[in-house]
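S.K.: Sequence and predicted model, in that order:
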Amino acid sequence: MCDCKVLIIDDEKILCDLFSMALQRAGYKVYQATTAQDALKLMAETPCQIIFMDINLPDMDGLDLARKLRQGEPLLQINAITGNLPWLEERMAEDSPFVDLLGKPLEIKDLLTAAAASWARLKKLGVAGGG
């Protein structure tokens, strides 16, 4: 079991629950937020190292939220999840706040692969404990 905290941000509660269950089974400690405001509050109270977030949130643009979350946390591993991957890839510049862009529908194996890659990057950078 790793000591990594993962935050799932998606306004579709069923997806939050599905992703959370898969990540918990893989050994991650998982938190959920269904709005940008909930995510900001949760990150202030319980900082997570890895984030999987939907780009289309009801209360804030996902790109704006990702940039806000990354402020002061340059090593934060933020993975974007979107149903319109070509649009997001086109919109991303060199200063992208995301470490990975994942398309919907997202298969669980791809979620777990992205989580493992994020965790490995954190360990390589020396900001993650054992796992």
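M.R.: That came in fine, so what should we check first? Numbers count the residues shown, from 1 in each chain.

S.K.: L106 versus the spatially closest residue to E73 that is not a sequence neighbour, what's the distance?
M.R.: Take E73 and drop its neighbours on the chain: the residue closest to it by Cβ to Cβ, 6 or more residues apart in numbering is P47, 7.6 Å away. Bear in mind the C-beta positions are built from the backbone N, C-alpha and C, glycine included. Distance of P47 to L106, given as Cβ to Cβ, to the nearest Å: 24 Å.

S.K.: So if I had to pick from these two, which one is more boxed in?
M.R.: L106 (19 against 12; other Cβ atoms under 10 Å).

S.K.: and L65, what is it in contact with?
M.R.: 9, 36, 39-40, 53, 57 (Cβ atoms under 8 Å, 6 or more residues apart in numbering).

S.K.: Now with 7 Å, please.
M.R.: Listed by Cβ atoms under 7 Å, 6 or more residues apart in numbering, the contact set of L65 reads 36, 39, 53, 57.

S.K.: Roughly how far does it sit from G27?
M.R.: Computed as Cβ to Cβ, the L65 to G27 distance reads 26 Å.
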